[in-house]
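Asker: sequence unknown, structure follows:
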């Protein structure tokens, strides 16, 4: 299931203001901003000792604040990426944007002609790490857990399931009507849970230290808070042994430090955050190969809180953002402007693709006259949030309004500020599926989870769009008219590596671990 929208970047109303803001931003990201420099001399605290044979050292920009699937703090990109590597999912989306069976045997999938059900088989020999078989019982139990009070993620979509039937590895999902996006269930940001391990337990306390039963290619190893965690190969994985013995995940929040570590061969793989000229910078490193994927499900969005800002103010604040100039000038080659909440595979013509074909909402200073201060929140890990905030501040100031910037760790922003509605505007990032979960974004029952905008009354339109993709344009038009959000861009997934093969960056994947079971080091 996809979490929610994406996370935005903006530009000023006047062209002169845009140029000034961009110049400030470029200076900040090329070394002139003290806040972006590593502490001290720029040297890192990681050891230069060679890793154990078969270990791949992966640099990531943020650490998971929690690996307890029932802790809201685990619902960040970092947490979900790790959990997706150790817990099984029914389907995954490949780099081309196609949903493919992971735990599900693709050849066994049969959907009812009327769309009321789907039957499939779990892969032969699929087992948990304690040798218990993965069966339809785990699907049923996971559904119960998602519908229960302990589940911190979105539930929309699972309410479409009327029954889970079958025995052993045979599974039949029954829906309350046609459900074209059913493959995202128990997939993407969600996963299967082991019924034999968790049934009858208090889910809110059972996995405080993270899962102790695994069904993915890796198992959780040593974790040093704020520094690293290790994913060890799970030799009992039903898909065969991962080629790497372990992946040491090192937290490197600063992108320049990440470059330095890769250049000094203290990292084998880097997963850089979206920044200015990210791809070009890593390509200049001698001996480093950079793999780049096309834009996919990753989305950055500016969201307005419908509970704190009236309609006119929402439209006005979103109107301060000149998305097209921002993307074309600063993010050239790094991503594409987002013209729809639907994925990049949306039709090139028609209402959906044209919904936000330009900035979408024109600035109107009159709507901001005598406006009180609006709070814009974002995560520290969002490398461009500072620049976006300054641009919005500049536009607001010209209109006689004020925008206050607040940032914190993604765990705080994603798990507390956003679900509790402690913001007026927010820069939000997400990864959706080829068929978006509209009810996750705009359903009343997802307020405080996926429905970051806290919109009310859109459930019928969202449910209709989930049932029939041709109904999505009407929903998007309403979202635009109500000033709920403005999609900004879809970044390209990037992995930079030295002496590692099997890398497959995937803009439809949460985190860097798509195909990680195929990663292997090569002789130097």
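Answerer: Sure, I can see it. The shown structure was predicted, so the numbers you read here are calculated from the model rather than taken from an experiment.

Asker: which intervals of the chain have sub-threshold pLDDT?
Answerer: By pLDDT under 70, the low-scoring segments of the chain are 1-50, 345-354, 358-366, 524.

Asker: hmm, try it at 80
Answerer: Applying pLDDT under 80 to the chain flags residues 1-51, 345-355, 357-372, 448-449, 523-524.

Asker: tell me how it divides into domains.
Answerer: Under the assignment automatic domain parsing, the domains of the chain span 15-30+296-491, 72-206.

Asker: pick the most deeply packed of the ones you listed.
Answerer: Comparing these by mean neighbour count (mean count of other Cβ atoms under 10 Å), domain 15-30+296-491 comes out on top with a mean of 21. No exception for glycine: its C-beta is placed from N, CA and C like everyone else's.

Asker: from the chain's centroid, how far away is it?
Answerer: Distance of domain 15-30+296-491 from its chain centroid, counting by Cα atoms, centre = their mean, to the nearest Å, is 15 Å.

Asker: how about residues contacting the one helix or strand residue 220 maps to?
Answerer: Element membership for residue 220, per DSSP states H and E: strand 218-224. Residues outside strand 218-224 that contact it (Cβ atoms under 8 Å, 6 or more residues apart in numbering): 67, 82, 85-86, 129, 210-212, 214, 228-234, 237, 242, 246-247, 516-517.

Asker: stretch 447-454 now?
Answerer: Contacts of stretch 447-454 (Cβ under 8 Å, 6+ apart): 2-5, 152-156, 303-307, 418-421, 426, 428, 437, 440-444, 455-456, 484-485.

Asker: try it again at 7 Å.
Answerer: Residues outside stretch 447-454 that contact it (Cβ atoms under 7 Å, 6 or more residues apart in numbering) are 3-5, 153-154, 156, 303-307, 418-419, 421, 426, 428, 440-443, 484-485.

Asker: keep only those of those residues that are in helices.
Answerer: Using DSSP state H, the members of the contacts of stretch 447-454 that fall within helices are 418-419, 440-442.

Asker: quick one: which of those residues is nearest residue 123?
Answerer: Relative to residue 123, the closest of the ones in helices among the contacts of stretch 447-454 is residue 440; by Cβ to Cβ it sits at 26.9 Å.

Asker: which non-adjacent residue is nearest the residue lying farthest from the centre of the chain?
Answerer: Here the chain reaches farthest from its C-alpha mean at residue 370, the gap being 36.2 Å by Cα atoms, centre = their mean. Nearest residue to residue 370, sequence neighbours excluded (Cβ to Cβ, 6 or more residues apart in numbering): residue 400, at 7.6 Å.

Asker: ditto for residue 379
Answerer: residue 410 (3.8 Å).

Asker: residues touching that neighbour, list them.
Answerer: 62, 76, 379, 381.

Asker: how close does it get to residue 101?
Answerer: From residue 410 across to residue 101, the span is 31 Å (Cβ to Cβ, to the nearest Å).

Asker: can you name every helix or strand that whatever helix or strand residue 282 lives in contacts?
Answerer: If you go by DSSP H and E, residue 282 is part of helix 278-283. The contact analysis (3 or more Cβ pairs under 7 Å, 6 or more residues apart in numbering; DSSP states H and E) places helix 278-283 against strand 289-292, strand 494-497.

Asker: how about a cut-off of 6 Å?
Answerer: strand 289-292 (3 or more Cβ pairs under 6 Å, 6 or more residues apart in numbering; DSSP states H and E).

Asker: which helices and strands does the strand it packs on pack with?
Answerer: Counting by 3+ Cβ pairs under 6 Å, 6+ apart, strand 289-292 packs on helix 278-283, strand 494-497.

Asker: got the buried residues for it?
Answerer: Across strand 289-292, burial judged by 16 or more other Cβ atoms under 10 Å covers 290, 292.

Asker: and for stretch 230-250?
Answerer: Quick answer for stretch 230-250 (16+ other Cβ under 10 Å): 230-234, 237-238, 242-250.

Asker: how close does residue 406 sit to residue 373?
Answerer: 11 Å.

Asker: could you do residue 57 as well?
Answerer: Distance of residue 57 to residue 373, computed by Cβ to Cβ: 44 Å.

Asker: same deal with residue 394?
Answerer: Applying Cβ to Cβ to residue 394 and residue 373 gives a distance of 15 Å.

Asker: again, but for residue 426
Answerer: Taken as Cβ to Cβ, the span from residue 426 to residue 373 is 15 Å.

Asker: can you check residue 518 too?
Answerer: In terms of Cβ to Cβ, residue 518 sits 50 Å off from residue 373.

Asker: now residue 315
Answerer: 18 Å.

Asker: one more: residue 469?
Answerer: Look at residue 469 and residue 373: by Cβ to Cβ, they are 40 Å apart.

Asker: same thing with residue 501?
Answerer: As for residue 501, its distance to residue 373 is 52 Å (criterion: Cβ to Cβ).

Asker: and the helices in the stretch 151-300 of the chain?
Answerer: 195-198, 203-206, 255-263, 278-283 (DSSP state H, counting those that start in this stretch).

Asker: need the contact partners of the third one.
Answerer: Contacts to helix 255-263, defined as Cβ atoms under 6 Å, 6 or more residues apart in numbering, come from residues 38, 44, 59, 252, 267, 270, 272, 275, 285, 288.

Asker: and that helix, which residues are buried?
Answerer: So helix 255-263, judged by 16+ other Cβ under 10 Å, has buried residues 255-263.

Asker: against residue 520, how distant is the residue lying closest to residue 235 once chain neighbours are set aside?
Answerer: Nearest non-adjacent residue to residue 235, counting by Cβ to Cβ, 6+ apart: residue 241, 5.8 Å away. Using Cβ to Cβ, we find residue 241 at a distance of 11 Å from residue 520.

Asker: and the ones in helices among the contacts of stretch 447-454, which is closest to residue 190?
Answerer: residue 440 (10.6 Å).

Asker: do I have it right that that closest one meets residue 446?
Answerer: Yes. If you go by Cβ atoms under 6 Å, residue 440 and residue 446 touch, sitting 5.5 Å apart.

Asker: list residues touching both of those two?
Answerer: Taking Cβ under 6 Å, 6+ apart as the contact rule, residue 440 and residue 446 both touch 154, 156.

Asker: hang on, the earlier thing: distance of the residue nearest to residue 379 from residue 79?
Answerer: From residue 410 over to residue 79 the distance is 9 Å, taken as Cβ to Cβ.
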